[in-house]
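Trainee: sequence and predicted structure below; questions after.
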Amino acid sequence: MILAAVTPPEQLLERLPLVLRDLVTGFFPEPLRWLVASLLAIVAILAVFGLLFAFLTLAERKILGRIQNRPGPNRTGWFGLLQPFADGIKMLTKEDIVPRAADQLLHFLAPVVLVAAALMTFAVIPYGRHLVPVELDAAVLYFFAAGAATELVVFMAGWASHNKYALLAAMRALAQFISYELPLLLSLVPVVMLTGSLSTTGIVAAQAGWKWSLIPHWHVFTPWGFAGFAIFMVAALAESNRSPFDLPEAESELIAGHLTEYSGFKYALFFMAEYFGMTALSGMAVTLFLGGWQAPLPFLQFIPSYAWFGLKLLALLTGFIWIRATFPRLRMDQLMHFAWKFLVPLALLNLGTAAFWEFTHDWSGPLQLARWALALAFVAGPFVALGRRLTAGLGPRQYTYAAA
Amino acid sequence: MNAVLVLIALLMVASAAVALSLRNIVRSTLLFVVNWFGLALFYLWAGAEFVAFAQVLVYVGAVSMVTLFAVLLTRRSLDEPGISPESRSRAAAGIITGCAVAGVLAGAVLRTKFPVASTPAIPTVTVRDIGRELMGPQAAGLLVVGVILTVALIGAIVLAATDRPANREDAP
Amino acid sequence: MTPLQGCLLLSCTLFSVGLAGALSRSNAILVLLGIELMLNAANLNFIAFWRYGPSPAPGSVNGVIFVVFSIAVAAAEAAVGLALVIAVYRHQKNIRLQEANRLKG
């Protein structure tokens, strides 16, 4: 881990990860220390996000259960807390079936490459003031370059299975991923434009400070930032293959899409990569729009920065689960229309809003109100107009049998 | 440091050579992805981070997808015909030409005395430098590239789109 | 052998492999990929000279800028080239280049 110069009045809690790291690396001779430090960072990421994945599956089942008025898993361990480990053991002991006609090598490589690529994205997210595993000048670019492997893996899985349904589903999944990659990337371009930095630490640093020591300078609290955040999260839902965009493996309608021929631990690896992808994209959203590890109010700064990052991350992940419980699945054509006729134009117009926001930087007094009003109009106007066009001709649903 | 270069070189040359000699096009495309990834590794090794990530994003993320879609859309259901003697002789001619070009180029590279850098310092380039260059002196080039990409996008859609109107019954 | 020569040798090997592939294969997609490989070999040269060339200026970005433009143009080339392949396939149900010898569809 690379650390910035430590400012003196810092509490032990904030520096705790660094202290621990120095404690461990202290046992090793000087030339090996950087290697040990990197290994420690990797182990920490694997442990933290592995456990987060385990308990996220449990949390998802619990929350979905509560929303659907049932208890969720509660038999294994205290409140079902051991359920993820029981699931893991079950997955490990399952038979791993590979079709005889399958392309053995690619069939095996697909889940491995997917998990590796998903883990690589965690390297550039700043988890705390001093917790950036790899500090890169072009970190945002790196993040999405590492994510580019996802699409390739979907194709590999579909093609290597030698199953026409898997291949067709892979093509559908690819169409979805490519379509939603566009708004995902376009929605973060304003952030890069206005902070003038592709490095995640730079973007977090640009969101420091408070207006009237009340409103943090997070990007989500500007009109363009709010629109960008919304577009980013919707596209992230689709990119991480989550409901209501989980068409690639709509388990109640298709068999399992491109994962049809996967079983046992390989299937679990795909599942794991999906959660890793969701977590990484949420972490990126926190970094880009929600101020990263910054505390929301000045007097709350005594809580260490990584705790704030964790809280924001968990809030977004809970949002993902809540959305899954709330929205019905889209149809394929609705999915495409939503991406190309709604999200992409909105993301493009958002670039204009961000430019306007930047050029009216020195407006003050009543002009400041005009700036806000104009920027909000730039955001809300296209949203309403495009939304009307998208839903034109669709009335409220008629319920024939349910009571009105 | 040079061992890394040798490894990258082996990866790239082997993947490219095998890819171009396979009969299974999907596999050769995937091997080309390995090759492009190797090139990105080379860029990283040479210290051009930005280019490396752009290479991965564009080639591994986008060009590979376009190629794989093209492969699947043009795949024939019938088995490939056997190798005809005519294509065998053409392949031999192609490989001989390739070897000849390689010989000439390698000879030229090995015999030339390159002026060695007096200070073998790594040229440090930040993304900010690249951005300033692109927005300042190279702004015209950037605009032209933007126009080219737009025209290519529209052209590709026009070329690949079917002329027939879509079947009405399939429409939603 | 200097690192620069090593890079240049790698680049000319890749170029020749791409050339041999483009000349000897008859599948249009593979020919396109071979050409793409030759282009990549040229990009490699830009970076090699940028990194090891004679007395690089401290803030020189020329090599990098060349490659950035080149990657953008290559993306356009791939998109149009593969669209052409699909159009050819639609006309004659075949993408063998030897049989794509008529201008009238």
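Mentor: Great, that's in hand. Numbering: from 1, shown residues only, chains lettered A, B, ... in the order given.

Trainee: what does chain A put close to chain C?
Mentor: Contact residues, chain A versus chain C (Cβ under 8 Å from any Cβ of the partner chain): none. In short, each C-beta sits where N, CA and C put it, glycine included.

Trainee: interface residues of chain A facing chain B?
Mentor: A:103, A:106, A:136-138, A:141-142, A:144-146, A:148-149, A:151-152, A:155-156, A:159, A:167, A:171, A:174, A:178, A:181, A:196-199, A:331, A:333.

Trainee: which ChimeraX command selects the buried ones in those?
Mentor: Burial among the residues of chain A next to chain B is assessed by 16 or more other Cβ atoms under 10 Å in any protein chain shown; the matching ChimeraX selection reads:
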select /A:103,106,136,137,138,141,142,144,145,146,148,149,151,152,155,156,159,167,171,174,178,181,197,198,199
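
Trainee: which of the residues of chain A next to chain B fall within helices?
Mentor: A:106, A:141-142, A:144-146, A:149, A:151-152, A:155-156, A:159, A:167, A:171, A:174, A:178, A:181, A:333 (DSSP state H).

Trainee: residue contacts, A:Ala160?
Mentor: A:Ala102, A:Asp103, A:Leu105, A:Leu106, A:His107, A:Ala110 (Cβ atoms under 8 Å, 6 or more residues apart in numbering or on different chains).

Trainee: which element is C:Leu82 on?
Mentor: helix C:62-92 (DSSP states H and E).

Trainee: and that helix, does that touch chain A?
Mentor: No: judged by Cβ under 8 Å from any Cβ, helix C:62-92 and chain A are separated, with a smallest distance of 11.5 Å.

Trainee: in stretch C:31-50, what's buried?
Mentor: In stretch C:31-50, counting by 16+ other Cβ under 10 Å, buried: C:31-41, C:43-50.

Trainee: correction: stretch A:282-297
Mentor: A:282-296.

Trainee: run through the chain and note the low-pLDDT ranges.
Mentor: By default, I'm working from chain A. A:1-10, A:403-404 (pLDDT under 70).

Trainee: correction: the question concerned chain C.
Mentor: Checking chain C against pLDDT under 70 turns up C:55-59, C:104-105.

Trainee: now do chain B
Mentor: B:1, B:76-83, B:116-123, B:163-172.

Trainee: report the central residue of it.
Mentor: For chain B, the residue nearest the mean C-alpha position is B:Trp36 (6.0 Å; Cα atoms, centre = their mean).

Trainee: isn't that one up against B:Ser64?
Mentor: Yes: contact criterion Cβ atoms under 8 Å: B:Trp36 and B:Ser64 qualify, at 7.4 Å.

Trainee: need the residues touching each of these two.
Mentor: With Cβ under 8 Å, 6+ apart as the test, B:Trp36 and B:Ser64 reach no residue in common.

Trainee: and stretch B:125-139, what's buried?
Mentor: B:Val125, B:Thr126, B:Val127, B:Asp129, B:Ile130, B:Gly131, B:Glu133, B:Leu134, B:Gln138.

Trainee: that one and chain A in contact?
Mentor: Yes: using Cβ under 8 Å from any Cβ, we find that stretch B:125-139 touches chain A at B:Thr126, B:Val127, B:Arg128, B:Gly131.

Trainee: contacts for that stretch?
Mentor: Outside stretch B:125-139, the residues that reach it (Cβ under 8 Å, 6+ apart) are A:137-138, A:196-199, B:47-48, B:50, B:141-142, C:59-61, C:64-65, C:68-69.

Trainee: which element is residue 22 on?
Mentor: Going with chain A. helix A:12-25.

Trainee: nope, chain C please
Mentor: Assigned by DSSP H and E, C:Ala22 falls in helix C:3-24.

Trainee: what helices and strands are in contact with that helix?
Mentor: The elements that helix C:3-24 packs onto, with contact taken as 3 or more Cβ pairs under 8 Å, 6 or more residues apart in numbering or on different chains; DSSP states H and E, are helix B:2-21, helix B:25-46, helix B:85-111, helix C:28-52.

Trainee: contacts only, for C:Arg96.
Mentor: C:Ser26, C:Asn27, C:Ala28.
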